[in-house]
Every structure is written in C-alpha cells, then in structure tokens.
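Participant: Provided below for reference: sequence and predicted model.
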Amino acid sequence: GCGGDGGGGDLHDDATELAEGCVGRRSEAAEAMDPIAREAAAAMGAPATTAAAATAEVTSEAAAVATVMERTLYALRSLDLGLMLGDRAFRSEMLRAAEALETVVEAVREVGATGQAPSSTTDDNATAANASTMTPAFPTLTTTTSTTTCSTAAAFCLPTTSRPLSGGRIPQLRRPSLPFFYNECMVAARPALVLDLMDGWAARAKWDLSYLKRIAGHRTVPVERGANYLSDEFDEELMPLRKFISEFVERVPDRAEDRRYLAQHQLFDQLPRLRADIEVPDYCVLSLDDEGDDEEASLSGGDVRINAWFGPGGTVSPLHYDRSHNLLCQVRAAATMRFTKIRGQSSGMGTVFLCPRN
C-alpha cells in the first residue's frame, strides 16, 4: 500500500519520471542503432549484390566467348570449302587466314577451360620428343607375307585364304637406295615393304583420336558413306572431323552401309599443322616416264600429291588400278593389302581398270 501524507503521489511522480527517462534512453538508443542497422543491412546486402553483378558479368563474358567461337568456326568452315572445292587462286591467302583463325580457336578454348589468358607455349613438339618411349594406341602390322591377316587386336579382319596366294612373299627392304628402289621395284612393277621409313615421323607419336580431335576436330572434311564407293548406297557429305571421329570411328555402326570414312582427300594441303607431322620420303622424287627413254628425265619427278585415308576397322576398298606409283604409309592400326598382276602384261603400267562389285 501507498499512503500517508502524499507519499504515494511522490512515488508516482518518481515512477513517471523514471519511465520517461527509460523511454528517452530507448529513443536515444534507437537513434544510435539506426545508422548501425542501416550499415549492417547494407553490408548484408552487398555480397548478394556483388554476386549478382559478378554472375551477370560472367554470363556476359561467356556469351561473348561463345559468339567469338561461333563466328570463328563459321569462317573456318567457309575457308575449308574454299580450300577443298576452289582452284589454286588465293590459296595461300586462305591458308594464312585459316592459320590465324586456328589461333583464335585455341585461345578461346583455353580461356573457356581455365578462365585465364592463353599461354604462349605448346607441348606438341615435346610429345614428339618422347616418341621412342610411347606405346602405340593401335595394333600394328608386324609381319608381311602373302597370307598375312591383320592383327588379332584389330576389330575387323578380312577373311583368311584357304591356300597361299600365288605371288609369294613380298620383299622387305630396309631403306634401299634410290637407284635400287627405282630399278627393282618401280621398273619391275614389284611391290615391296620398306622398313624404318617412318621412324622419325612425329605423327607416329602424336596421332591418336584425342590429338586429331583437339588439333583438327573443328575443321570440315569430306566423308564417304557406304560399304565402298561401288555400293548403291554410296554418298558423300561434309562434316566436322570431330563428329566423324566420335560417331563413326569411336563407335562403328553395325551395318557396313552406315559406316563413314575419309578417303583420298588432300587433308595435309588443308591442314598444314598435320602436314608438319609427316615427312615426304625421298623415293617420291622418282617417277616413270613412259613417253621418253631418258632415264635422267624419269628420275626428275614432279609435284608430290599426298592423300589421306582415315576410317574405322572393316573399311574395304574394292580391287582397283592406280595410274601412278605410290607409297602407302600406315601411321596407325593395320591394313591387309593384296596385289594382282594382270596376266600378259610385262609391267604394272597400263590402262586396264579392275573394279569388281564383290
């Protein structure tokens, strides 16, 4: 109870004053806390705002990179069409332009993969330096006789013959001299296996499917479809090399008619970077001149035409006749070769073409 001579009133006044003081201090505290709260709220919102801005910036950069890559690949495709289908006019200019665009593609890919500027070094030559210590990724042909089949590690092999072929053993020559090769092989129309000819090629160490896709996967190449070029379903189409490797080499269709292969294409004229991985054998300076008797003229040679063949296991070429002498350089995997001499001809030169449908 409160009572006695106004004591209760004094106590009430004191309580009121205390309450008013508390309200005042609370107001002061609120005023003091208000800027702190605003700063805290701003600080709490800053990471979200910064993250959103950073995300927008990254998205914008990714879109810009994608646009550059799309335009570059489109330009490269146009240059590939010009190199494949055009004549010799402006060829050197197109090759230089393609080389410049290749640099752009590599730079864009490195930025996309690392988020950093591309380095100025490349390890292509370092791979070639270790060629002697690398194990081939594909089976190789180790022996050559008239009854040789491809390696048992290969996915596809031609049927073995029930009896040896009549031609006998193909001679194996270890880097013969030019005069010997000319007289004993070319003039005599005698096939031979030349040993150790490709030992120094960088392609022997560098060329596998991942390397080809990385170096030339975005380039457009002509691809043939069908069991062989005599098939009723034979056709040709253009596609990026990466698509050809991924869909028709790494995964081989079951039906022969659905398979694709790159055949007799001047790939190295189109892609000088791959051309740098091989060397033209000295034997390519030799040629046979049927219209003259001057052996010196016959040895003079001419322009070397380099074609590329690339396909999955089981690719078969029908029996055919080549109008010029050639060297088949098997970089990877294995191939079974069968040679037929036309009865009654003293040499391999002539005008008869053999292309049976079976």
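Facilitator: Perfect, thanks for sending it. Values in this document were obtained by computation on a predicted structure and should not be read as measured data.
Participant: Which residue ranges of the protein form helices?
Facilitator: For the chain, the helices defined by DSSP state H cover 7-85, 91-114, 124-129, 178-181, 203-206, 209-216, 241-244, 267-270, 272-275, 295-298.
Participant: Mind listing what's buried along the second one?
Facilitator: Spelled out, it's helix 91-114. 94-95, 97-98, 101-102, 104-105, 107-108, 111 (16 or more other Cβ atoms under 10 Å). The C-beta positions use only the backbone N, C-alpha and C, and glycine is treated the same way.
Participant: Over to stretch 323-336?
Facilitator: So stretch 323-336, judged by 16+ other Cβ under 10 Å, has buried residues 325, 331, 333-334.
Participant: CA-only coordinates of it in PDB, if you can.
Facilitator: The C-alpha trace of stretch 323-336 is given here as PDB (Å, rounded to 0.1, in the frame of the first residue of the first chain):
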ATOM      1  CA  ARG A 323      47.500 -44.900-112.500                       C
ATOM      2  CA  SER A 324      50.600 -43.700-110.600                       C
ATOM      3  CA  HIS A 325      53.100 -45.300-108.300                       C
ATOM      4  CA  ASN A 326      52.600 -44.500-104.700                       C
ATOM      5  CA  LEU A 327      53.800 -45.200-101.200                       C
ATOM      6  CA  LEU A 328      51.300 -46.300 -98.600                       C
ATOM      7  CA  CYS A 329      52.400 -45.100 -95.200                       C
ATOM      8  CA  GLN A 330      50.400 -46.800 -92.400                       C
ATOM      9  CA  VAL A 331      50.600 -44.500 -89.400                       C
ATOM     10  CA  ARG A 332      48.200 -46.300 -87.100                       C
ATOM     11  CA  ALA A 333      46.400 -49.700 -86.900                       C
ATOM     12  CA  ALA A 334      46.800 -52.400 -89.600                       C
ATOM     13  CA  ALA A 335      45.900 -52.900 -93.200                       C
ATOM     14  CA  THR A 336      45.800 -56.000 -95.400                       C
END
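Participant: Do me a favour and average the pLDDT over it.
Facilitator: Mean pLDDT, stretch 323-336: 85.
Participant: sorry, back to before: I'd like to know which of the buried residues of stretch 323-336 is nearest to E279.
Facilitator: Comparing these against E279 with Cβ to Cβ places V331 closest, at 11.8 Å.
Participant: who's in contact with the closest residue to the closest one other than its chain neighbours?
Facilitator: Excluding the flanking residues, the one nearest V331 by Cβ to Cβ, 6 or more residues apart in numbering is A203, at 5.2 Å. A203 makes contact with 274, 277-278, 331, according to Cβ atoms under 8 Å, 6 or more residues apart in numbering.
Participant: JSON lines please, covering these and showing distance to V223.
Facilitator: Formatted as JSON lines, the contacts of A203 follow (distance: Cβ to Cβ, whole Å):
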{"residue": "L274", "distance to V223": "17"}
{"residue": "D277", "distance to V223": "21"}
{"residue": "I278", "distance to V223": "21"}
{"residue": "V331", "distance to V223": "19"}
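Participant: same question for stretch 71-90, mean pLDDT?
Facilitator: 86.
Participant: pLDDT below threshold where in this structure?
Facilitator: 1-61, 112-167, 227-228, 289-302, 343-358 (pLDDT under 70).
Participant: Show me how it divides into domains.
Facilitator: The chain is divided into the following domains under automatic domain parsing: 13-114, 132-310.
Participant: returning to that earlier point: filter the contacts of A203 to the buried ones?
Facilitator: Taking 16+ other Cβ under 10 Å as the criterion, what is buried in the contacts of A203 is 274, 277-278, 331.
Participant: Among those, which one lies nearest to Y182?
Facilitator: Closest to Y182, out of all of the buried ones among the contacts of A203 and judged by Cβ to Cβ, is I278, at 22.3 Å.
Participant: Would you mind measuring from the closest one to C329?
Facilitator: 7 Å (Cβ to Cβ, to the nearest Å).
Participant: and what of V280?
Facilitator: 10 Å.
Participant: Please apply the same query to R323.
Facilitator: 19 Å.
Participant: cool, and A205?
Facilitator: A205 is 15 Å from C329, by Cβ to Cβ.
Participant: and what of K341?
Facilitator: 23 Å.
Participant: just V249 next, same as before
Facilitator: Distance from V249 to C329, by Cβ to Cβ: 19 Å.
Participant: With D282 instead?
Facilitator: 13 Å.
Participant: will you turn the buried residues of stretch 323-336 into TSV that also has distance to L195?
Facilitator: Formatted as TSV, the buried residues of stretch 323-336 follow (distance: Cβ to Cβ, whole Å):
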residue	distance to L195
H325	19
V331	15
A333	18
A334	16
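Participant: And those, which two are furthest apart?
Facilitator: For these, and using Cβ to Cβ, no pair is farther apart than H325 and A333, which are 23.6 Å apart.
Participant: ok, R214 - contacts?
Facilitator: Per Cβ under 8 Å, 6+ apart, neighbours of R214: none.
Participant: could we number from 487 for the rest of this?
Facilitator: In the new count, where the first residue is 487, that last one comes out as R700.
Participant: Can you give me the end-to-end span of stretch 719-731?
Facilitator: Taking Cα to Cα, to the nearest Å, stretch 719-731 runs 21 Å from one end to the other.
Participant: residues of it that come out buried?
Facilitator: So, applying 16+ other Cβ under 10 Å, buried residues of stretch 719-731: 726-731.
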